[in-house]
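[1] Sequence and predicted structure below; questions after.
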Amino acid sequence: MGVKIVETALRDGHQSLFATRMTTEEVCCALEELDKAGYYALEVWGGATFDACISFLNEDPWERLRMIKKKCKNTKLQMLFRGQNILGYKHYADDVVEKFVQKSIENGIDIIRVFDALNDIRNLKSAVDATKKYHGHCQIALSYTTSPVHTVDYYVNLAKEVEKMGADSLCIKDMAGVILPEDAYELVSKLKASTRLPIELHGHCTGGIAEMAYKRAIEAGVDIIDCALSPLSGGTSQPCTESFQYALQGTKYDPKLNVEMLNKAAEKLTKVKDKYLANGLLNPKALIKNPNILKYQVPGGMLSNLMNQLKQQNAMDKYEEVLNEVPRVRKELGYPPLVTPLSQMVGTQAVMNVISGERYKMVPKEIKEYLHGFYGKSPAPVDENIRKKIIGDDEVITYRPADKIEPQFLALKEKYKDLVKSEEDVLTCALFEAKAVKFLTQRDQKDEIIEVNLYIG
Ligand code: CO
């Protein structure tokens, strides 16, 4: 059996390279070819795509999913799901998590990749249980990072726990692209030896070592690798799909993808990429290898966000300083892996620490909540001096954060009964309330305009 490939261009590819701005039309333009290429799955939804749809594109993310499903008859569709945060940036009630899983599967998702930024498995449970209940494939992803607590044994123990929870497969989610080739070999070997779960590796090319890490993971027996089609690969995105097909062709690892289909799809997506290069959303910097991230351990998406934040404040000269501040903040906060929402939180805190001229003088609300325990358990203890400075002697919770969140779905359904047209709309409101109201109002106005035009025409 060869190595299987998951195509990420339509989710992580554009999320990593140009802030998730691909429109539904662009996402769909090469689906016919991709569906015939022989992938294990296409990652097309979840992550930041949902927020980007309603916040920037004025598009219904649910409609996007249904359109993708219509065009993909052969290949499984995969989404990224942030545990109790779903596709948002805070914890939601269990009933919303369950409903979101149910509706994702009903609208076309086959594989749900669930992760928690802190690897606090209590935050995975609702999503995992719901995925099993609605007969989806439940993949649990472990947020990969390096720190004194994030050892191989730490990941092996976590893997055993998620296997017990009912995961169907396991992903090493290296969102920063920092896994070293020999570490990948050791980790995959030990995971293969200690669980029965298929193992997938998700990396990023940011530091320039992902292809080497993939190769060593393959030699250690990894079952699936995440790659992006050439136009959306490299830089802060995933290793290139076609390159892996060529590299492994004829070996026992041959992914057996249809190169002709890959090339046709790549041709179409190159036009899409060129548009974002031309309009500046794709910063050429995102396409260049940056081995410094191996020092800073900062994911690609976070790098481009930091750049944007600093640009807006006319402080690009502080870029290096902010990058140096990130690992300090991370250490003080107990080594959270830098993945959404923690990456944004740590990044914003680092920017504030540098720009305000005094560390922790300004602290975002989310960091305060984190210090109260509302995101879950930090991998290592938080620096007590920092905690005291920010939240004083406030109580720090030790129960699962969502335990105290009342059910939300029915209340929202009632609250927005004049606005929502489906349970999917209620979920959009549940995730991004203010933005969702704005989006749904605009969407319906757009519908009316089209209807009027049709009537006139
Ligand atoms: Co990623």
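    The structure has been received and is ready for your questions.
[2] Poorly predicted segments of the stretch 301-450 of the chain, please.
    446-450 (pLDDT under 70).
[3] you'd agree residue 273 is up against residue 232?
    Yes: contact criterion Cβ atoms under 8 Å: residue 273 and residue 232 qualify, at 6.4 Å. Where C-beta positions appear, they are placed from N, C-alpha and C, glycine not excepted.
[4] Identify the contacts common to these two.
    residue 17 (Cβ atoms under 8 Å, 6 or more residues apart in numbering).
[5] Next one: the spatially closest residue to residue 143 that is not a sequence neighbour from residue 439, what distance?
    The shortest distance from residue 143 to any non-neighbouring residue, by Cβ to Cβ, 6 or more residues apart in numbering, is to residue 337 (3.8 Å). With distances taken as Cβ to Cβ, to the nearest Å, residue 337 is found 30 Å from residue 439.
[6] Would you mind telling me which of the two has more residues around it?
    residue 337 (27 against 22; other Cβ atoms under 10 Å).
[7] Residue 273 and residue 232: which is more packed in?
    Just comparing residue 273 and residue 232: by other Cβ under 10 Å the higher neighbour count belongs to residue 232, 31 against 23.
[8] what's the neighbour count on the nearest residue to the more buried one once chain neighbours are set aside?
    Leaving aside its sequence neighbours, residue 232 sits nearest to residue 13 (Cβ to Cβ, 6+ apart; 3.2 Å). Using other Cβ under 10 Å, residue 13 is surrounded by 27 other residues.
[9] surely residue 13 meets residue 233?
    Yes: counting by Cβ under 8 Å, residue 233 is a contact partner of residue 13 at 7.0 Å.
[10] in the helix or strand harbouring residue 131, what's buried?
    Under the criterion of DSSP states H and E, residue 131 resides in helix 125-133. Neighbour-count burial for helix 125-133 flags 125, 126, 127, 128, 129, 130, 131, 132 (criterion: 16 or more other Cβ atoms under 10 Å).
[11] got these as JSON lines, with pLDDT and distance to the ion columns?
    Output for these, formatted as JSON lines (pLDDT from 0 to 100; distance: Cβ to the ion, whole Å):
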{"residue": "125", "pLDDT": "97", "distance to the ion": "23"}
{"residue": "126", "pLDDT": "98", "distance to the ion": "23"}
{"residue": "127", "pLDDT": "98", "distance to the ion": "18"}
{"residue": "128", "pLDDT": "98", "distance to the ion": "20"}
{"residue": "129", "pLDDT": "98", "distance to the ion": "25"}
{"residue": "130", "pLDDT": "98", "distance to the ion": "23"}
{"residue": "131", "pLDDT": "98", "distance to the ion": "20"}
{"residue": "132", "pLDDT": "98", "distance to the ion": "24"}
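[12] and residue 6, helix, strand or coil?
    Applying DSSP: H, G, I helix; E, B strand; the rest coil to residue 6 yields a three-state assignment of strand.
[13] Could you check how far it is from residue 170?
    From residue 6 to residue 170 the distance is 14 Å (Cβ to Cβ).
[14] all helices for the stretch 101-250 of the chain, in order.
    125-133, 152-165, 181-194, 210-219, 241-248 (DSSP state H, counting those that start in this stretch).
[15] now what about the first one, what contacts it?
    Here helix 125-133 makes contact (Cβ under 8 Å, 6+ apart) with 81, 83-84, 86, 94, 97-98, 100-102, 105, 112, 114, 137-138, 140, 165-167, 400, 402.
[16] Please list the members of these that lie in strands.
    Among these, the members falling in strands (DSSP state E) are 81, 112, 114, 137, 138, 140.
[17] Among these, which pair sits farthest apart?
    Of all pairs drawn from the ones in strands among the contacts of helix 125-133, the widest gap by Cβ to Cβ lies between 81 and 137 and measures 12.0 Å.
[18] For those two, indicate the residue with more neighbours.
    Comparing residue 81 with residue 137 by neighbour count (other Cβ under 10 Å), the higher total belongs to residue 81, at 30 against 18.
[19] Any idea what that one is bridged to?
    Taking DSSP bridges as the rule, residue 81 bridges to residue 114.
[20] and the residue in the stretch 301-450 of the chain positioned nearest to the ion, how many residues sit next to it?
    Nearest to the ion in the stretch 301-450 of the chain, going by Cβ to the ion, is residue 301, at a distance of 7.5 Å. Applying other Cβ under 10 Å, we find 29 residues neighbouring residue 301.
[21] Kindly report the same for residue 381.
    By other Cβ under 10 Å, neighbour count at residue 381 equals 12.
[22] quick one, phi psi at residue 78?
    With angles defined as degrees, to the nearest 10, residue 78 sits at phi -120, psi 150.
[23] in stretch 22-38, what counts as buried?
    So for stretch 22-38, counting by 16+ other Cβ under 10 Å, buried means 22-24, 26-31, 33-38.
[24] and residue 260, what element?
    Counting by DSSP H and E, residue 260 is part of helix 259-278.
[25] which ones are touching residue 219?
    Neighbour list for residue 219: residue 185 [criterion: Cβ under 8 Å, 6+ apart].
[26] If you check the stretch 51-200 of the chain against the ion, which residue is the closest one?
    Counting by Cβ to the ion, the stretch 51-200 of the chain gets nearest the ion through residue 175, at 4.7 Å.
[27] that older thread, let me have the ones in strands among the contacts of helix 125-133 in CSV, adding pLDDT and distance to the ion as columns.
    Below are the ones in strands among the contacts of helix 125-133 laid out as CSV (pLDDT from 0 to 100; distance: Cβ to the ion, whole Å):
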residue, pLDDT, distance to the ion
81, 98, 13
112, 98, 15
114, 98, 14
137, 98, 19
138, 98, 19
140, 98, 15
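[28] And residue 438, how close does it get to residue 423?
    Distance from residue 438 to residue 423, by Cβ to Cβ: 20 Å.
[29] just to revisit the earlier point, out of the ones in strands among the contacts of helix 125-133, flag the one nearest to residue 311.
    Taking those together and measuring to residue 311 by Cβ to Cβ, the closest member is residue 81, at 30.7 Å.
[30] How about residue 264, nearest residue that isn't a chain neighbour?
    In space, residue 264 is closest to residue 33, 4.5 Å off (Cβ to Cβ, 6+ apart).
[31] Which SSE is immediately downstream of the helix or strand containing that neighbour?
    Using DSSP H and E, residue 33 sits in helix 31-35. Elements were assigned by DSSP H and E; along the chain past helix 31-35, the next helix or strand is strand 41-46.
[32] Strand partners (parallel or antiparallel) of that next one?
    Going by DSSP bridges, the partners of strand 41-46 are strand 4-7 (parallel), strand 76-81 (parallel).
[33] Show me which positions of the very next helix or strand once past the shortest one end up buried.
    The helix or strand immediately downstream of strand 4-7 is helix 14-18, counting by DSSP H and E. By neighbour count, with 16+ other Cβ under 10 Å as the criterion, the buried positions of helix 14-18 are 14, 15, 16, 17, 18.
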